[in-house]
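*Asks:* I would like to see how this sequence folds:
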Amino acid sequence: MHDQDENSLPEENSFINDDEFTAPPERHGCVTTWLIFLIIANAVIALIYAFTVNKLAATLHTSGLAIAALIILCSINVICAVMLLTWKKIGFYGFVITTVLAFILNLYIGISPVRSIIGLLSFAVLYAILQIKRDGVSAWSNLK
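*Replies:* Residues are numbered from 1 along each chain as shown. From the prediction side, this is the model:
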């Protein structure tokens, strides 16, 4: 019964095929920090807008619907940052879309064009941060 040789025993962890498993790539700590910052900042801004929607609408002389749209855009940004943390390039394109929509919405509700353009450049900052390399490979090149 114990006479079997080593080669005839079933492999340990036969459910894991080493050829199919690949560890996720590593990103530079600054990139991870920035993505976590984006998650926290957008979530906090969405909550602040949600709890002060009436005051913001009155201050900006706009409708609560416009503020609700900003809340939705911040919430989508949270999802996009999480997607980037999980190496999905679509998260970046989501940021581009929400940034353009926020730019248009900011102009509509009366935010100055200069402040609106600064907000519009935020996806360029994100793209630049995604270019930071770890072990010679940028986070951008690891996105799928």
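*Asks:* Helices along the protein, start to end?
*Replies:* Per DSSP state H, the chain has helices spanning 29-51, 53-60, 64-85, 90-109, 113-120, 122-130, 139-142. These are given in chain order.
*Asks:* From Ile48, how far out is the residue nearest to the spatial centre of the chain?
*Replies:* Per Cα atoms, centre = their mean, the C-alpha nearest to the average position across the chain is that of Ala81, at 1.1 Å. When Cβ to Cβ, to the nearest Å is the yardstick, Ala81 and Ile48 sit 18 Å from each other. C-beta here means a position set from N, CA and C on the backbone, and glycine is covered the same way.
*Asks:* got it, and Ile111?
*Replies:* 16 Å.
*Asks:* For stretch 49-61, which residues meet the burial criterion?
*Replies:* Within stretch 49-61, the residues that qualify as buried by neighbour count (16 or more other Cβ atoms under 10 Å) are 49, 53, 56-57.
*Asks:* before we move on, the earlier item: if you count surrounding residues, which of Ile111 and Ile48 has more?
*Replies:* Neighbour tally, Ile111 and Ile48, criterion other Cβ atoms under 10 Å: the higher count belongs to Ile111, 17 against 13.
*Asks:* what's near enough to touch that one?
*Replies:* Residues touching Ile111, when contacts are defined by Cβ atoms under 8 Å, 6 or more residues apart in numbering, comprise Leu60.
*Asks:* again, only using 7 Å
*Replies:* Residues near Ile111 by Cβ atoms under 7 Å, 6 or more residues apart in numbering: none.
*Asks:* Please report phi then psi for it.
*Replies:* Summarising the backbone geometry of Ile111 under the convention degrees, to the nearest 10, its torsions are phi -70, psi 140.
*Asks:* low pLDDT regions in the chain?
*Replies:* Along the chain, the parts satisfying pLDDT under 70 run over 1-20.
*Asks:* what number of residues lie near Cys30?
*Replies:* Using other Cβ under 10 Å, the number of residues around Cys30 comes to 12.
*Asks:* Contacts only, for the closest residue to it other than its chain neighbours.
*Replies:* Of all residues beyond its chain neighbours, the one nearest Cys30 is Ile132 (5.5 Å), with distances taken as Cβ to Cβ, 6 or more residues apart in numbering. Listed by Cβ under 7 Å, 6+ apart, the contact partners of Ile132 are 28, 30-31, 138-139.
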